[in-house]
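>>> okay, here's the prediction I keep looking at, along with the sequence it came from:
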Amino acid sequence: MASTQGKKRPAGAPVRGASAQRSRRSAAGSAGAQRKQPKDSVFLPLVTVWIVIFFLLVTLLYWTRGNPFRAVPSGVKGKETASVAVPRPEKQASSEKPSPSKRSNAETEEDDSRDGEKPKGNAVVASVPPVPPGPPVAPVPPKKPPVARVALVIDDFGHDVKIARKFIHLPLPMTFSVLPHLPHTEEVAALAAAHGHEVMLHMPMEPHGYPKTDPGRGALLVAMTPQQIVSEIDKALKENPYARGINNHMGSKFTEDPQAMKIVLRHLKDRGFYYLDSYTSPHSVGLSVAQELGMPCMKRDIFLDHEPTEAFVRRQVEELIRRAKVEGQAVAIGHPHPVTLKVLEQKAETFEKEGIEVVPLKKLLEGAAAENGATAGA
């Protein structure tokens, strides 16, 4: 068989090899196009996902921290996150606040450690401007010291509880002097003490004209021995353990006897008592004997109601105020009469208006005790 390799193709005859070559190139091109197509189809969805995530982040930031792209005007920075709590006094006192840029790390950590001063989370805290100081408060004028002081001693308690209760509720610090051996001695003394009033023993003593003028049961008589005098005093104090002082009931004769008064006052001084001389006799030696013994003592200045009429008692109260202003202090003795109660109720505010302080008798005796080198009864 003759070989075909050295033969020439006729002119115009199609070249079979070139056609096959073009077919192979076309197939290769389409295959390459098919290999590139998956790369483009993955890239576009990824870009879309990133764009969606970006907008979600921007929206989240907007709703949690406000618009991050909003321009903050000058002078407003820092106010949007001011604390709602009212500043502490020490912060308000300072007129200059350090700049945030100049604050040290230690100060920042200290601020962060304070409870209630830094808002938790991402919540927006409304700003509260500092409260301007109010107008200065006018100082309260000091209370004027009293011009003088008086003590109101009411004798002869123990007969009637009802009248005693009315005196107890007077708006004045009264001093209750209670007689011994009466139906309501113990009850009245206990009531007065329970309501904060001072209590005394109103000791019966022998008057001029005895026995026609009777001072009552348990009276001290000039003819008694020292033991008898002391015994009667102790019996009276047993019924009235609240007493811290003593004054005489009647006793115009007994109080004129220095020896008899010395027995009484020495015994009571040892118990820490004070003595008020009711001064039923102008010749009484009770005050001088008490001073000699170094015992706290005073003398009555005014009788309020030896004439139990409203007009008389009112004049005596006015005289008490006048004398207190002149001498600095005064002592009045009254009795549990309805008229005395009425006038004292009406005059309760007059004492304050006149600058007169009504005090328990012991308060007046403190000054006298210091002069005598003694201590007022406890």
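Great, that's in hand.

>>> paired strands for the biggest strand by length in the chain, with orientation please.
Longest strand in the chain, counting residues (DSSP state E): strand 148-157. Strands that pair with strand 148-157, judged by DSSP bridges, come out as strand 175-178 (parallel), strand 329-334 (parallel), strand 356-358 (parallel).

>>> residue ranges with poor pLDDT in the protein?
1-44, 64-135, 137-138, 140-143, 367-378 (pLDDT under 70).

>>> just the helices in the protein please.
In the chain, the helices defined using DSSP state H lie at 16-65, 89-93, 105-113, 161-168, 185-194, 226-239, 258-269, 286-293, 310-327, 338-353, 361-371.

>>> buried residues, stretch 256-271. List them.
Residues of stretch 256-271 classed as buried: Glu256, Asp257, Ala260, Met261, Lys262, Ile263, Val264, Leu265, Leu268, Lys269 (neighbour count, 16 or more other Cβ atoms under 10 Å). All C-beta spots, glycine's among them, are computed from the backbone N, C-alpha and C.

>>> I'd guessed the first one sits against Thr280; true?
No - using Cβ atoms under 8 Å as the test, Glu256 is too far from Thr280 to be in contact (9.8 Å).

>>> got the angle between the longest strand of the chain and helix 310-327?
Strand 148-157 and helix 310-327 are oriented at 140 degrees to each other (axes from the mean of the first three to the mean of the last three Cα atoms, to 10 degrees).

>>> now do strand 148-157 against helix 338-353, angle only.
160 degrees.

>>> can I get strand 148-157 in PDB, CA atoms only?
Extracted in PDB, the C-alpha atoms of strand 148-157 (Å, rounded to 0.1, in the frame of the first residue of the first chain):
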ATOM      1  CA  ALA A 148     -36.000  87.300 137.700                       C
ATOM      2  CA  ARG A 149     -37.200  84.000 139.000                       C
ATOM      3  CA  VAL A 150     -40.000  83.100 141.400                       C
ATOM      4  CA  ALA A 151     -41.100  79.900 143.200                       C
ATOM      5  CA  LEU A 152     -44.800  79.100 143.800                       C
ATOM      6  CA  VAL A 153     -45.300  76.900 146.900                       C
ATOM      7  CA  ILE A 154     -48.800  75.600 147.600                       C
ATOM      8  CA  ASP A 155     -49.300  74.400 151.200                       C
ATOM      9  CA  ASP A 156     -51.900  72.200 153.000                       C
ATOM     10  CA  PHE A 157     -52.200  69.500 150.500                       C
END
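
>>> give the buried residues for that strand.
So, applying 16+ other Cβ under 10 Å, buried residues of strand 148-157: Ala148, Arg149, Val150, Ala151, Leu152, Val153, Ile154, Asp155, Asp156, Phe157.

>>> now for the residue nearest to the fourth one when sequence neighbours are not counted, how many residues are close by?
The spatially closest residue to Ala151, leaving aside those adjacent along the chain, is Leu361, at 4.2 Å (Cβ to Cβ, 6 or more residues apart in numbering). Residues within reach of Leu361, counting by other Cβ atoms under 10 Å, total 26.

>>> which ones are touching Leu361?
Ala151, Val153, Thr175, Glu198, Met200, Gly245, Tyr274, Leu276, Met298, Val331 (Cβ atoms under 8 Å, 6 or more residues apart in numbering).

>>> need the residues you listed in JSON lines (columns: distance to Glu319).
Output for the contacts of Leu361, formatted as JSON lines (distance: Cβ to Cβ, whole Å):
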{"residue": "Ala151", "distance to Glu319": "15"}
{"residue": "Val153", "distance to Glu319": "16"}
{"residue": "Thr175", "distance to Glu319": "19"}
{"residue": "Glu198", "distance to Glu319": "23"}
{"residue": "Met200", "distance to Glu319": "23"}
{"residue": "Gly245", "distance to Glu319": "24"}
{"residue": "Tyr274", "distance to Glu319": "24"}
{"residue": "Leu276", "distance to Glu319": "19"}
{"residue": "Met298", "distance to Glu319": "18"}
{"residue": "Val331", "distance to Glu319": "13"}
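
>>> now a PyMOL select for only the buried ones of these.
Command for PyMOL, covering only those of these found buried under the criterion 16+ other Cβ under 10 Å:
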select buried, resi 151+153+175+198+200+245+274+276+298+331
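
>>> just the contacts of Leu361 now: which is nearest Ile53?
Checking the contacts of Leu361 against Ile53 by Cβ to Cβ gives Glu198 as the nearest, at 91.0 Å.

>>> tell me the contacts of that closest one?
When contacts are taken as Cβ under 8 Å, 6+ apart, Glu198 is in contact with Pro173, Met174, Thr175, Phe176, Ala192, Arg244, Gly245, Pro360, Leu361, Lys362.

>>> what's the local residue count around the fifth one?
Around Ala192 there are 25 other residues, counting by other Cβ under 10 Å.

>>> grab the nearest non-local neighbour of it.
Leaving out its chain neighbours, Ala192 is closest to Phe176 (Cβ to Cβ, 6+ apart), at 4.1 Å.

>>> quick one: that neighbour and Ala189 touch, right?
Yes - in this structure, Phe176 is within contact of Ala189 by Cβ under 8 Å, at 7.2 Å.

>>> any residues in contact with both of the two?
Phe157, Val199.

>>> hang on, the earlier thing: and among the strands paired with strand 148-157, the most buried is which?
Of all these, strand 175-178 has the most neighbours on average by mean count of other Cβ atoms under 10 Å, namely a mean of 28.
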